[in-house]
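Pasted the sequence and its predicted model underneath.
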Amino acid sequence: MLDINLLRTDLENVAARLASRKFILDVEAFSALENERKQLQTSTQDLQAKRNASSKLIGQAKAKGEDVSAIMADVANLGDELKAAETALASLQDKINDMLFAMPNLPHESVPVGKDETENEEVLRWGTPRVFDFEIKDHVDLGGPLGLDFETGSKLSGARFTALKGGIARLHRALAQFMLDTHTSEHGYTEAYTPYLVNAASLMGTGQLPKFEEDLFKVNRPGAEPLYLIPTAEVSVTNFVRDTIVKAEELPLKFTAHTPCFRSEAGAYGHDVRGMIRQHQFDKVELVQIVHPDESLSTLEILTGHAEAILQKLELPYRKVNLCTGDMGFGAQKTYDLEVWLPAQNTYREISSCSSMGAFQARRMQARFKNEQGKNELVHTLNGSGLAVGRTLVAVLENYQNADGSITVPKALHAYMGGLTVLK
RNA sequence: GGAGAGGUGGCAGAGUGGUUGAAUGUACCUGACUCGAAAUCAGGCGUACUCGCGAGAGUAUCGGGGGUUCGAAUCCCCCUCUCUCCUCCA
């Protein structure tokens, strides 16, 4: 959520910056609502002050045993007028809030302006795609004989669900363990385990609600508030600090968590239907940092580096992309995507997305720290995939395939595979 | 799943319809006393918002939301969390 004061004082500029990410801010509607709000709030507060004063008088008079009917008559008509004013003000404020909650974050100045992914800026390439001297297969054909079982997945749950068995399941687990261990022991993150079902307030906090409810799996409960399956551990972990005030010296907070992620992929009909690139359920090792506002952009570089380290240790070629304004996610101020080389697709595919959210989430969550002046100030939040486990599995299968269809286990994973060095 | 008790300022803890934004203690800040400190005394001390150039004034806020009332921390309803007991369970 943007700072409403910024909208009040610098509306045109905000609108221009939001336009660069394809969000049209209705400037006229917003100022009209704001003007109306200002007036109505003042008049409502005047009425409230009047009511409070009269009620106080009634109390005083009654205490002395005096007759209060005159004062009572005086405020008799106030009630309806006040109620009407309060209702109108509340609905006005709801409208303003609805606008605010629907507004994406402002892109940072270092973000290239562009309309879509074609205008993203490649920052670097790491590694050299392997040259194969045989006809390569994609992960579906490679994985099938090794335990990658789409049929069972869809029998149990439908399209976009996958079952893993045997060596593939082991490899999947090994990847997650390896990532988690690397981030905790080499990058200084605290391991976290979180609920996979969260309430609406948490999803409001990180920005998935109210705007993207159709992307989520919702669990309705009679007589209780609904819960949602997390679309990413960013939600559960970042919300650790919702409604809290942390000490300045405790920053930065660094958490990593391995969780399943659930996405309805409502808008993705027809995309990536083959294989396990796009699933309703996938595992991810997430990185989250809660930092001092001065540190967010430098931390983004560091955090992205932590995700890159995993790809480098696995010796998977990748490139780093600075997303342009038109391609960034809703809450992001700046985002680097890491794209891994997939030989069967002959292209780089997203395997990690690392973002600085600035104060966007912190404002929604009321996540603050005590600054040097002793005042409460919003923290900044960052998150990144370190990495998406399913897609990493795909990348390992395709990049480490052999002519006979077997898969060489990357060296970094040997310690996690119980002596297995080749899957066949 | 069943029954009960609770949620009040940074912390502890009063308050069950009326000059209550909320006693008291404690923590913290300022001043006095002191060579200095401790102790003591005096004063201050939440957050958000609105109006105002400003001094300042006002509104909201006692887990969250709604209701009753001229007036709600206090009464009613829904949700939520914590604790205790029973039941069940990995």
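Received it, and whenever you're ready, just let me know what you need.

Could you double-check that residue A:326 lies in contact with residue A:22?
Yes - the pair residue A:326 / residue A:22 is scored as a contact, 5.4 Å apart, by Cβ atoms under 8 Å. In short, each C-beta sits where N, CA and C put it, glycine included.

Look at those two and report which has more neighbours.
With neighbours defined as other Cβ atoms under 10 Å, residue A:326 and residue A:22 compare such that residue A:326 has more, 20 against 13.

Could you check how far that one is from residue A:319?
According to Cβ to Cβ, to the nearest Å, residue A:326 and residue A:319 sit 19 Å apart.

in the host helix or strand of residue A:60, what's buried?
Taking DSSP states H and E as the criterion, the element that holds residue A:60 is helix A:27-63. Buried residues in helix A:27-63, counting neighbours by 16 or more other Cβ atoms under 10 Å, are found at A:30, A:33, A:34, A:37, A:40, A:44, A:47, A:54, A:57, A:58, A:61.

what's the answer for stretch A:187-201, then?
By neighbour count on 16+ other Cβ under 10 Å, the buried set for stretch A:187-201 is A:187, A:189, A:192, A:194, A:196, A:197, A:198, A:200.

Now intersect these with the strands, please.
Restricting the buried residues of stretch A:187-201 to those inside strands, with DSSP state E as the criterion, leaves A:192, A:197, A:198.

just those now: which is nearest residue A:411?
Minimum separation from residue A:411 among those (Cβ to Cβ) is found for residue A:192, which lies at 27.9 Å.

For that closest one, which residues are in contact?
For residue A:192, the contacting residues are A:233, A:237, A:240, A:255, A:256, A:257, taking Cβ atoms under 8 Å, 6 or more residues apart in numbering as the criterion.

Kindly recompute the last result at 7 Å.
A:237, A:255, A:256, A:257 (Cβ atoms under 7 Å, 6 or more residues apart in numbering).

how close does the third one sit to RNA strand B?
From residue A:256 over to RNA strand B the distance is 23 Å, taken as Cβ to the nearest atom of the strand, to the nearest Å.

how deep is residue A:334 tucked in, by neighbour count?
Applying other Cβ under 10 Å, we find 23 residues neighbouring residue A:334.

isn't it right next to residue A:110, touching?
Yes - counting by Cβ atoms under 7 Å, residue A:110 is a contact partner of residue A:334 at 6.4 Å.

partners of whichever residue of the stretch 201-350 of chain A sits closest to RNA strand B in the sheet?
Proximity of the stretch 201-350 of chain A to RNA strand B (Cβ to the nearest atom of the strand) peaks at residue A:224, 3.1 Å away. Assessed by DSSP bridges, residue A:224 has beta-bridge partners residue A:221.

quick one on the thing from earlier: arrange the buried residues of helix A:27-63 in TSV, one row each, with pLDDT as further columns.
Conversion of those to TSV gives the following (pLDDT from 0 to 100):
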residue	pLDDT
A:30	91
A:33	91
A:34	90
A:37	91
A:40	91
A:44	92
A:47	92
A:54	90
A:57	88
A:58	89
A:61	86
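
Do you know the pLDDT at the residue of the stretch 201-350 of chain A closest to RNA strand B?
pLDDT, residue A:224: 86.

Around RNA strand B, pick out the residues from the stretch 101-250 of chain A.
Selection of the stretch 101-250 of chain A residues close to RNA strand B by Cβ under 7 Å from any atom of the strand yields A:221, A:223, A:224, A:225.

Mind doing that once more with 10 Å?
Residues of the stretch 101-250 of chain A that fall close to RNA strand B, judged by Cβ under 10 Å from any atom of the strand: A:199, A:200, A:201, A:221, A:222, A:223, A:224, A:225, A:226, A:227, A:243, A:245.

Buried among those residues? Need that as a selection in PyMOL.
Here is the PyMOL command that selects the buried residues among these (16+ other Cβ under 10 Å):
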select buried, chain A and resi 200+227
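
Of the residues of the stretch 101-250 of chain A next to RNA strand B, which pair is most distant in space?
Every pair in those was compared (Cβ to Cβ); the two farthest apart turn out to be A:222 and A:245, at 35.9 Å.

Please, where are all the strands along the stretch 51-200 of chain A?
Per DSSP state E, counting those that start in this stretch, the stretch 51-200 of chain A has strands spanning A:121-126, A:148-149, A:163-164, A:190-192, A:197-198. These are given in chain order.

Including mean pLDDT, could those go into a markdown table?
What follows is the strands of the stretch 51-200 of chain A, written out as a markdown table (pLDDT from 0 to 100):
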| stretch | mean pLDDT |
| --- | --- |
| strand A:121-126 | 97 |
| strand A:148-149 | 96 |
| strand A:163-164 | 96 |
| strand A:190-192 | 96 |
| strand A:197-198 | 93 |
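
between these, which one is nearest to residue A:71?
Evaluated over these, closeness to residue A:71 peaks at strand A:197-198, with 50.3 Å, by Cβ to Cβ.

for the closest one, packing partners?
strand A:224-229 (3 or more Cβ pairs under 7 Å, 6 or more residues apart in numbering; DSSP states H and E).

pull the CA atoms of the next helix or strand after the strand it packs on into PDB?
From strand A:224-229 onward toward the C-terminus, using DSSP H and E, the following helix or strand is helix A:233-238. Once side chains and other backbone atoms are set aside, the C-alpha atoms of helix A:233-238 remain, and they are given as PDB (Å, rounded to 0.1, in the frame of the first residue of the first chain):
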ATOM      1  CA  ALA A 233       6.200 -18.800   2.000                       C
ATOM      2  CA  GLU A 234       6.700 -15.000   1.500                       C
ATOM      3  CA  VAL A 235       3.200 -14.700   2.900                       C
ATOM      4  CA  SER A 236       3.600 -16.700   6.100                       C
ATOM      5  CA  VAL A 237       7.200 -15.700   6.800                       C
ATOM      6  CA  THR A 238       6.800 -12.000   6.100                       C
END
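
in helix A:233-238, what counts as buried?
A:233, A:234, A:235, A:236, A:237, A:238.

State the mean pLDDT of that helix.
In this model, helix A:233-238 has an average pLDDT of 96.

do the same with stretch A:316-326
For stretch A:316-326, the per-residue pLDDT values average out at 97.

Quick check: the residue of the stretch 251-400 of chain A nearest RNA strand B.
Closest to RNA strand B within the stretch 251-400 of chain A is residue A:376: 5.7 Å, counting by Cβ to the nearest atom of the strand.

Might you report the residue contacts of that residue?
Contacts here follow Cβ under 7 Å, 6+ apart; on that basis residue A:376 touches A:245, A:368, A:370.
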